[in-house]
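**Student:** got a structure for you, letters missing:
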């Protein structure tokens, strides 16, 4: 007999990178489930607008996930305004597109700092608050690029592989400790957000909406799911691919166009996002690099 879903109404959540996209949709889904939500984002003005639109159980707070002090202040303020942290969603991330051989070193550092070090920091700081109470749930937003190597986003793919491995490893440590804290990682296909804009399409695969990812996060909280695929059907494709000889799996990928989805990205359609992503870590921001990243996408 299946266990009934856990009650999450009344719980307090903090979400990184939640001013827009998946983070915003997740905040909205949490509110619909009766939770209170702290929206953290480097773009505080947009976060404040989002919080105002979502309603009174939402607060907007400044956050740079690459800075320990900033992350600590975010979680401190979240707990001061909402109450003890029950859920942390590490969602903040960027995805510069372009050939690996053309990638600027600062762009690579920025991607690793935000997508991986930001998650590492979030988990350490979140667990420090949850372990003494022996309750809580951390959800890391990864990607299906964390299971498949994807041409055109090599460094991004590397960070998402790392997030999957990090989550599994820390989960193992918590189990050895006898902890009841839950960890999940969510792996969406291409999502219809700015980050996923201008990308190609593969036969048999459809982009997903941010609300679909958000609903999957809510279900993970309710059921304690560790590995979350969005949509669920892509898990079967992954399992089939691991059983087939590499040459056959790669041949199918070529026939369906999966291998060109990122490599054939529309540079102009992504330009505004790429330039905004280039400014997403204050410590590395700089006008010369912004131009370079915009041009790299043409590779």
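**Tutor:** Arrived safely. Just so it is clear, the structure is predicted and the values come from calculations on it, not from any experiment.

**Student:** need the strands for the stretch 101-250 of the chain, in chain order.
**Tutor:** 137-141, 182-188, 227-230 (DSSP state E, counting those that start in this stretch).

**Student:** So what are the sheet partners of the longest one and their directions?
**Tutor:** Neighbouring strands of strand 182-188 in its sheet, by DSSP bridges, are strand 137-141 (parallel), strand 227-230 (parallel).

**Student:** Put together CSV for the strands of the stretch 101-250 of the chain, with distance to residue 36 on each row.
**Tutor:** In this view, the C-beta of every residue, glycine as well, is placed from N, C-alpha and C. Formatted as CSV, the strands of the stretch 101-250 of the chain follow (distance: least, C-beta to C-beta, whole Å):
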stretch, distance to residue 36
strand 137-141, 15
strand 182-188, 19
strand 227-230, 23
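
**Student:** right, so of those strands, which gets closest to residue 276?
**Tutor:** Taking C-beta to C-beta, strand 137-141 is the member of the strands of the stretch 101-250 of the chain nearest to residue 276, at 18.3 Å.

**Student:** Show me what that closest one is in contact with.
**Tutor:** Here strand 137-141 makes contact (C-beta atoms under 8 Å, 6 or more residues apart in numbering) with 22, 86-91, 93, 119, 122-123, 126-127, 130, 163, 166-167, 181-186, 188, 213, 217, 220-221, 224.

**Student:** same check, this time on stretch 150-161
**Tutor:** Contact partners of stretch 150-161, identified using C-beta under 8 Å, 6+ apart, comprise 93-100, 103, 107-108, 111-112, 115-116, 142-143, 145-149, 187, 259-263, 265.

**Student:** Pipe the strands paired with strand 182-188 into CSV and attach mean pLDDT and distance to residue 70 per row.
**Tutor:** What follows is the strands paired with strand 182-188, written out as CSV (pLDDT from 0 to 100; distance: least, C-beta to C-beta, whole Å):
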stretch, mean pLDDT, distance to residue 70
strand 137-141, 98, 18
strand 227-230, 96, 27
